[in-house]
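Colleague: here is a sequence with its predicted model. Questions after.
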Amino acid sequence: MSGATIESRDPATFEPLGSVAVTSPELAQSIVGEVAAVTPLWAQLRVGDRARYLERAAQAVIDDFDSLCELVSAESGRPPTEIAAHELLSAVDTLSWLASNARALLSARPVSLPRSLHPLGRASAGHAPLGVVAAIGCGSAPFAGLLAQTAAALIAGNGVVLKPAPRASQAGERIATVFARAGLPEGLVRVVHGRAELGRALAGSDGVRHVFFSGRVDAGAEVAAACARRGASVSLDLAASEAMIVLADANVARAASGAIWAACAGAGQLHGKPARIYVEESIHEPLRDALLEAAAAVTVGDPRAPGIQVGPLARRSRAARLHEVVAQASARGARVLCGGPLTLEGLAGAFHSPVVLEGSVEELDGLRRFAPGPLLGLCSVASAVEAVAIEGHLAPVGMRGASVWSADRRHAARIARELAPRSVWCNDHIVGPILPRDAADAVAACCSPKLITWDPPVAPPAWRFPYSTAGADAVRALAALHGTRPGERERALRDGAPALARVAARALRDARR
């Protein structure tokens, strides 16, 4: 594979943006070894010192904000404002949040030990870095997500090998530049470029202790299996469609605009986009009309042009896949209310206006699987209970979020607690920013619990050799002192006092030696 390159192109015009050298999968193990050699020095830094590097990385993003926005917008085919808000600002927020909360996330805390077996012992519970972490990114979120995972691994004391998606290679290079400008030790963060085989090689490399993976469900299963074979851990962010539940008391206009935005951001290619809307029967027609009005107002075209809200799909194959899903739903009986492919003069990309389908749960079954593109299916239900039951039974693999739309905060919260996804938004649906919990979870995934104990350097505990009858009686008495039946503790103290006294006397004699 020597001399092979990956060329990045603008998906709207197919104009080249730059190229990078492909890393041979055979080199993955040696690169991991080189990062591992640098990591111990970084791990020895105090958490506060590592946090200052993240602060400088946030400043580097701010300093290069305009050029980063231009590059990531061109490479991803998304409007600059969308990139600025949901990639760059999100990246700055996450870096700053990690730097500010690093001590709370990673500092050791004292823990108590059972005094019966550890009468004088003390202990602290902290965290130890894993070593080398691999981050395998996706093209739909080319900057903020991969940068946040890298930052979480770094603040925990690890080195990082990051592999951006082939169609986000230039953004991946800029992530490395951000950390280089922050002054990180050379070789601590390495960028490699390649396709699926390189990702599999990284996941299977000895020395990679944790893998962040963002991508398709089938590829995620391969990465998870490769990690399991080595005993490494993995965090999966899989492409999955999500659901919205709109109750009768919801603000219809807000729900419709929120649905169209979340389904169309990133041209409908972002992980976690909503694809299914369950609406209570009494507001089905008003919501349908509001969705069609909001969809008609969406402008599709070259994302760098003023006023454009939705750019092209990454590849023509994605447009074909979207057309296939719509055709399958139509064949089952679903109705296409609006949307379809667009041909725009002077632009070679695959453009698509928002598609809104209407049908039953069975007719919209294909929308449970992730289909990249601006697509929504509207389904009427008798109540929120029915919607929760449907989602509980049919929720797709990898689904990480859902939303509930209601004017009643307590009722919305009750429904949210019954839904399976780890994140449920009420009166909103977030597809882009890295939430603080995501960043905290990423830090936790990049370190292992560390328990450190201390005992005074005096006589050994009385429960060690040589064993004696008195020791056994004392242990039995100590166990009974934890009893909860009436009078049990008093009996244990009365009956076990002689044995406890003999053990204590032995401990004092040993301590004087």
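Modeller: Looks like it came in fine.
Colleague: only C-alpha atoms for contact and neighbour calcs from this point on.
Modeller: OK.
Colleague: quick one: the helices in the stretch 101-250 of the chain?
Modeller: For the stretch 101-250 of the chain, the helices defined by DSSP state H, counting those that start in this stretch occupy 144-155, 169-181, 196-203, 217-230.
Colleague: do a quick rundown of the strands in the stretch 401-513 of the chain.
Modeller: Ranges of strands in the stretch 401-513 of the chain, per DSSP state E, counting those that start in this stretch, are 401-405, 423-426, 447-454.
Colleague: longest helix of this protein?
Modeller: helix 488-512 (DSSP state H).
Colleague: let me see the mean pLDDT of it.
Modeller: Along helix 488-512, the predicted confidence averages to a pLDDT of 84.
Colleague: so for that helix, what gets flagged as buried?
Modeller: Under the neighbour-count criterion of 16 or more other CA atoms under 10 Å, helix 488-512 has Arg489, Ala492, Leu493, Gly496, Ala497, Ala499, Leu500, Val503, Ala507 buried.
Colleague: list the contacts of the second one.
Modeller: It stands for Ala492. Ala477, Leu478, Ala480, Leu481 (CA atoms under 8 Å, 6 or more residues apart in numbering).
Colleague: if we ignore the residues flanking it in sequence, what's nearest Leu202?
Modeller: Spatial nearest neighbour of Leu202, excluding adjacent residues (CA to CA, 6 or more residues apart in numbering): Ala28 at 5.8 Å.
Colleague: please name whichever of the helices of the stretch 101-250 of the chain is nearest to Arg254.
Modeller: Closest of these to Arg254 is helix 144-155, at 26.6 Å (criterion: CA to CA).
Colleague: surely Thr150 meets Ala135?
Modeller: Yes - with contact taken as CA atoms under 8 Å, Thr150 and Ala135 are classed as touching, separated by 6.9 Å.
Colleague: need the residues touching each of those two.
Modeller: Listed as contacting both Thr150 and Ala135 by CA under 8 Å, 6+ apart are Val160, Leu162.
Colleague: find the nearest non-adjacent residue to Ala156, please.
Modeller: Ala156 sits nearest to Pro129 (CA to CA, 6+ apart), 5.7 Å away.
Colleague: for that neighbour, the count of nearby residues, please.
Modeller: Around Pro129 there are 26 other residues, counting by other CA atoms under 10 Å.
Colleague: what is it paired to in the beta sheet?
Modeller: Cys447 (DSSP bridges).
Colleague: distance of it from Ala444?
Modeller: Distance of Pro129 to Ala444, computed by CA to CA, to the nearest Å: 10 Å.
Colleague: low-confidence ranges, this protein, go.
Modeller: Applying pLDDT under 70 to the chain flags the ranges 1-2, 394-399, 432-434, 511, 513.
Colleague: so it: which segments form each domain?
Modeller: What the record gives for the chain is the domain set 27-109+120-239, 242-396+399-432, 469-512, from automatic domain parsing.
Colleague: before we move on, the earlier item: farthest-apart pair in the buried residues of helix 488-512, please.
Modeller: The largest separation in these, counting by CA to CA, is between Arg489 and Ala507 at 23.4 Å.
Colleague: re the thing from before, with distance to Asp455 as added columns, please give the buried residues of helix 488-512 in CSV.
Modeller: Putting those into CSV (distance: CA to CA, whole Å) gives the following:
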residue, distance to Asp455
Arg489, 28
Ala492, 27
Leu493, 26
Gly496, 26
Ala497, 25
Ala499, 24
Leu500, 21
Val503, 18
Ala507, 14
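Colleague: go through those residues and name the one nearest Glu186.
Modeller: The closest of the buried residues of helix 488-512 to Glu186 turns out to be Ala507 (CA to CA; 54.1 Å).
Colleague: can you give me the neighbour number for the closest residue to Cys446 other than its chain neighbours?
Modeller: Nearest residue to Cys446 in three dimensions, chain neighbours excluded: Ala153, at 5.5 Å (CA to CA, 6+ apart). By the measure other CA under 10 Å, the count of residues near Ala153 is 29.
Colleague: try Val298
Modeller: Neighbours of Val298 (other CA under 10 Å): 16.
Colleague: number the chain from 676, please
Modeller: Will do, 676 is the new start, and the previous item becomes Val973.
Colleague: pull the contacting residues for it.
Modeller: Val973 is in contact with Ile983, Gln984, Val985, Ser1028, Pro1029, counting by CA under 8 Å, 6+ apart.
Colleague: wait, is it part of a helix?
Modeller: No - per DSSP: H, G, I helix; E, B strand; the rest coil, Val973 lies outside any helix segment and is coil.
Colleague: can I get the buried part of the contacts of Ala1167 as one PyMOL selection?
Modeller: Per 16+ other CA under 10 Å, the buried members of the contacts of Ala1167 correspond to this PyMOL selection:
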select buried, resi 1152+1153+1155+1156
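Colleague: which among the contacts of Ala1167 gets closest to Val883?
Modeller: Leu1153 (45.1 Å).
Colleague: which phi and psi does Lys862 have?
Modeller: I think there's a mix-up here, since residue 862 is Gly and not Lys. phi 90, psi 0 (degrees, to the nearest 10).
Colleague: returning to what we had before: farthest-apart pair in the contacts of Val973, please.
Modeller: Spanning the widest gap among the contacts of Val973 are Ile983 and Pro1029, at 13.5 Å by CA to CA.
Colleague: higher neighbour count, these two?
Modeller: A count of neighbours by other CA under 10 Å puts Pro1029 above the other of Ile983 and Pro1029, at 28 against 17.
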